[in-house]
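Asks: Have a look; sequence and predicted model below, questions after that.
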Amino acid sequence: MRNKNILIFGSTGFIGRSVVKRLLSDGNPIVCPTRNASRVKRNILSGDIGQIEVVDFELSNLSSLEDLIKKSDFIINLIGLLFEKSNMSFELAHYLLPKKISVYAEKYNKPFLHISSLGSTFNTKSNYLMSKKMGEEFIENNNTNHIIIRPSIVYGEEDNFINQFGKMAKLLPFLPLFKKGKTKFQPIYVNDLSLMILKLIKNFDKYKNINIPAVGNEVFSFKEILTHILETLNKPIRFINIPSFFAIIQGKLMEKLPKPLFTYDQFLSLSHDSISEGDEKLVAEIIEKDLSNMKTVTSLYLDKFIDRV
């Protein structure tokens, strides 16, 4: 895909930053629609002069989408919300935006790669998972030139999952367990995911019009992931099971904060495993290398939370 203009929605997020660096190192010119151009500057320094074009873009105003897509050669949508905001709903980010992108990508025959979520389903009370499924279903039914990637938990040095519980483990004498810690995940390293995206761009026709789970090579329960964090930090293995009624109250109260650590919808999503056993072989085939080991990688960046004497 050299010398192709790649349009990336969500370029400033955790996954987006890794994808941008990957595409820049491969020599691809990219266009980054964003409402905060300053957050792209660190990546601009990673590329050649003129390799990144930053475009003002507001999710609340989708009128500029058609022109952006018309001028581009390949479309990537990485936008996702962990929690809703006063001016940003799951429906807007996960359904209405992908719907619009899908329509214009189809109209102008542009290849479209969309990131969803492995746990997306209509059989849920979670608005996050349901909105993700709505976006997927529209693309599947209305776009003939797409790939949908469905990641499990994505980890990496700047993630919002391992790091969050690392901070909690440093400060608290125990870690909270929701749903008794039984929810299962198949975490994938962000650098493996961005490499997967690059490889799918290069081999788009081979994989187009299918959904691909993006998973690592091991399945862990929520409790097993937290145990690994505590062991890495040399902390006692202590948990407290949070009863559902208390978790619901806690989530509804915390989601009123500007950047909540936990929400009611996240509690609901813990009713659904995020695994696709066997598909790690397909991911390894796509990226043409062995998948990273979650415990090995996370131990490297959890190091910053270890108490030093």
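Replies: Cool, the structure landed. Numbers count the residues shown, from 1 in each chain.
Asks: Quick one: list the elements packing against the lengthiest helix in the chain.
Replies: Scanning the chain for the longest helix, with DSSP state H as the assignment, gives helix 127-142. When contacts are defined as 3 or more Cβ pairs under 8 Å, 6 or more residues apart in numbering; DSSP states H and E, helix 127-142 sits against helix 90-91, helix 97-107, strand 112-115, strand 146-151, helix 264-269. C-beta: built from backbone N, CA, C; applies to glycine.
Asks: The same query, at a cut-off of 6 Å, please.
Replies: helix 90-91, helix 97-107, helix 264-269 (3 or more Cβ pairs under 6 Å, 6 or more residues apart in numbering; DSSP states H and E).
Asks: which residues touch the helix or strand just after the last one?
Replies: Of the helices and strands lying after helix 264-269 in sequence (DSSP states H and E), the nearest is helix 280-287. The contact list for helix 280-287, computed with Cβ atoms under 6 Å, 6 or more residues apart in numbering, reads 192, 195-196, 199, 215, 217, 291.
Asks: cutoff 7 Å now
Replies: Here helix 280-287 makes contact (Cβ atoms under 7 Å, 6 or more residues apart in numbering) with 192, 195-196, 199-200, 212, 214-217, 290-291.
Asks: Could you rank these by neighbour count and give me the top one?
Replies: In terms of neighbours by other Cβ atoms under 10 Å, those top out with Val215 at 29 neighbours.
Asks: Now for the residue nearest to that residue when sequence neighbours are not counted: which residues touch it?
Replies: Nearest non-adjacent residue to Val215, counting by Cβ to Cβ, 6 or more residues apart in numbering: Gln186, 3.9 Å away. Residues in contact with Gln186 (Cβ under 7 Å, 6+ apart) are 152, 215-216, 219, 274-276.
Asks: gap between Gln186 and Met294?
Replies: The gap separating Gln186 from Met294 is 9 Å, by Cβ to Cβ, to the nearest Å.
Asks: overlap in contacts of those two?
Replies: By Cβ under 7 Å, 6+ apart, Gln186 and Met294 have these common neighbours: Gly216.
Asks: Tell me the gap between the longest helix of the chain and the middle of its chain.
Replies: Per Cα atoms, centre = their mean, to the nearest Å, the displacement of helix 127-142 from the mean C-alpha position of its chain is 15 Å.
Asks: Over to stretch 162-178?
Replies: Distance, centroid of stretch 162-178 to centroid of chain: 21 Å (Cα atoms, centre = their mean).
Asks: buried residues in that stretch?
Replies: Under the neighbour-count criterion of 16 or more other Cβ atoms under 10 Å, stretch 162-178 has 162-163, 165-166, 168-169, 175-178 buried.
Asks: What of stretch 110-124?
Replies: 110-120, 124.
Asks: same deal with stretch 297-306?
Replies: Buried-residue list, stretch 297-306, by 16+ other Cβ under 10 Å: 297-298, 301-302, 305.
Asks: starting at the chain centroid, how far to it?
Replies: 21 Å.
Asks: One more: stretch 211-226?
Replies: Worked out by Cα atoms, centre = their mean, stretch 211-226 lies 14 Å from the chain centre.
Asks: can you tell me how far the residue lying closest to Glu255 once chain neighbours are set aside sits from Asn28?
Replies: The spatial neighbour of Glu255 that comes closest, neighbours along the chain excluded (Cβ to Cβ, 6+ apart), is Thr263 at 3.9 Å. Computed as Cβ to Cβ, the Thr263 to Asn28 distance reads 36 Å.
Asks: Stretch 138-148: end-to-end distance?
Replies: 11 Å (Cα to Cα, to the nearest Å).
Asks: Touching it from outside, list them.
Replies: Outside stretch 138-148, the residues that reach it (Cβ under 7 Å, 6+ apart) are 98-99, 102-103, 105-106, 109, 111-114, 116, 136, 200, 204, 207-212.
Asks: which stretches of the stretch 201-309 of the chain form strands?
Replies: 211-214, 220-221, 239-241 (DSSP state E, counting those that start in this stretch).
Asks: can you list these in a markdown table and add distance to Gln51?
Replies: Output for the strands of the stretch 201-309 of the chain, formatted as a markdown table (distance: least, Cβ to Cβ, whole Å):
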| stretch | distance to Gln51 |
| --- | --- |
| strand 211-214 | 26 |
| strand 220-221 | 38 |
| strand 239-241 | 47 |
